[in-house]
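**Q** pasting the structure only:
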């Protein structure tokens, strides 16, 4: 992104002025333009700049709402800056607009888009045309980009918050460069220095921004910790774990929380084996923040599944006996609860696996009604032949939960099913052999047996072999 062109001086010559009292000198032969370096803004200057830019960007509707008149009749909004600065509603609106811009600047920096961050900040600098010419003098576009942060720092030298933001843009850029250095990041000593520097910017970042900064920093440590020519990754160093935990407790972003979850869980087989278990509640709290933030079905599904797995892990199911204590039962019920929420937001191809996870929990809890409900719900996602087969199995397993009408519907579905005659015959035999457990209606049983016998001639087992070319 080019903030401004360095080809704006025309045919005149340029000289530097150290004394602001110097004036432009003219004669009939040539014009000498005297340029001054950008001046530092006072708080009052900055307020006027923000007021002017806010007025310029306000919609007419918002302008009328605050000032009670149309913006269209005003040729130069600069004229009403003094009035605007005395209007409490405008001040509130301008402060919110400024804050939104600053958050965009920080977010673009965290996304590795340094030039966009500087581009937005450049607009706030409000350099005059001559100041821009001073900055651009005898520089290529690339050299302007490199020099601009220094002039921005000069511009905001009386405004500590803004100088901190400039420093943060550079800091975020260093983190991204550290992450991108091949198979390893920065040397460990440089990574530690970057981590110490990161802590100086905590006061200007919102929780989700802190989370992203520290997660990015954790990746720098992760790469720095890889031994050359080694197979696989070693355990996370202490600094990486600190970054992961800082990211985790501040985040409501599913990607960051999931990455922290996976990395912490991967420590189970090394010296940091306790770190995952000891932070289970931090992970649960993080996923709950994700749920409070998002409305996207896919994110709701994945966050609920992760929550369910965390409560499942709390029960240590491999060590459980049938005698579950109250704490175990509560954790299992919470796991099932979040699986239900996941199921409500699941894509079709994830429904059976989610139901199977629920089934495993309710089997441990010996909740027969929920076991039946889940198995019956699962039928909806099976192919026709498998659905009929599973329906017979479920009816045989829990006949008291099927009405006579539902038993008969299984036979009706089988007769209408678009499957091979042989498959129908096999399922028909299974159904008939199961009927004594399903119904006491001997007349119905006899009728079904006759129908099966009549149709059996269409299901003769014929051995066939496809011809194979030699």
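**A** Received, thanks. Here the structure is a predicted model, which is why all the values come from computation and not from measurement.
**Q** next structured bit after the longest helix along the chain?
**A** Criterion DSSP state H: the longest helix present in the chain is helix 88-110. Downstream of helix 88-110, the first helix or strand assigned by DSSP states H and E is helix 114-125.
**Q** Counting neighbours, show which residues of that following helix come out buried.
**A** Within helix 114-125, the residues scored as buried using 16 or more other CB atoms under 10 Å are 114, 116-119, 121-122, 124-125. C-beta here means a position set from N, CA and C on the backbone, and glycine is covered the same way.
**Q** isn't residue 174 right up against residue 191?
**A** No. With contact defined as CB atoms under 8 Å, residue 174 does not reach residue 191; the gap is 10.3 Å.
**Q** So which of the two has more stuff around it?
**A** residue 191 (25 against 16; other CB atoms under 10 Å).
**Q** quick one: contacts for that one?
**A** Going by CB atoms under 8 Å, 6 or more residues apart in numbering, residue 191 touches 178, 185, 217, 220-221, 224, 239.
**Q** if we can go back for a sec, for the buried residues of helix 114-125, which one is nearest residue 436?
**A** Residue 436 has its nearest neighbour among those in residue 116, at 74.7 Å by CB to CB.
**Q** Please report how far the residue nearest to that closest one when sequence neighbours are not counted lies from residue 174.
**A** The shortest distance from residue 116 to any non-neighbouring residue, by CB to CB, 6 or more residues apart in numbering, is to residue 108 (4.4 Å). Distance, residue 108 to residue 174, by CB to CB, to the nearest Å: 15 Å.
**Q** can you give me the strands for the chain?
**A** 13-16, 25-26, 31-35 (DSSP state E).
**Q** So, low pLDDT: which residues of the stretch 301-450 of the chain?
**A** 317-322 (pLDDT under 70).
**Q** so residue 221 makes contact with residue 238?
**A** No. The criterion here is CB under 8 Å, and residue 221 misses it with residue 238 at 9.2 Å.
**Q** Looking at these two, which one has more neighbours?
**A** Set side by side, residue 221 and residue 238 show more neighbours around residue 221, with 25 against 10, by other CB under 10 Å.
**Q** contacting residues around that one?
**A** Going by CB under 8 Å, 6+ apart, residue 221 touches 185, 188, 191, 195, 236-237, 239-240, 243.
**Q** and with 6 Å instead?
**A** Contacts for residue 221 (CB atoms under 6 Å, 6 or more residues apart in numbering) come out as 191, 237, 239-240.
**Q** Who are the contact partners of residue 175?
**A** Residue 175 touches residue 216, counting by CB under 6 Å, 6+ apart.
**Q** Can you get me a residue count around the closest residue to residue 197 other than its chain neighbours?
**A** Closest residue in space to residue 197, ignoring its immediate chain neighbours: residue 171 at 5.8 Å, by CB to CB, 6+ apart. If you count neighbours by other CB under 10 Å, residue 171 ends up with 18.
**Q** Same check on residue 415?
**A** 12.
**Q** What of the one 4 residues further on?
**A** The burial metric for residue 419, expressed as a neighbour count using other CB under 10 Å, is 14.
**Q** Tell me if I'm right that it and residue 385 touch.
**A** Yes. Using CB atoms under 6 Å, residue 419 is in contact with residue 385, at 5.0 Å.
**Q** Can you mark which positions in stretch 174-194 are buried?
**A** Neighbour counts over stretch 174-194 (16+ other CB under 10 Å) mark 174-176, 178-179, 184-186, 191-192, 194 as buried.
**Q** and the two most separated of those?
**A** The most widely separated members of the buried residues of stretch 174-194, counting by CB to CB, are 176 and 192 (17.6 Å).
**Q** okay, the closest residue to residue 241 other than its chain neighbours: pLDDT?
**A** Once flanking residues are discounted, residue 241 sits nearest to residue 275: 6.1 Å by CB to CB, 6+ apart. pLDDT for residue 275: 93.
**Q** any idea how far residue 267 is from residue 275?
**A** 5 Å.
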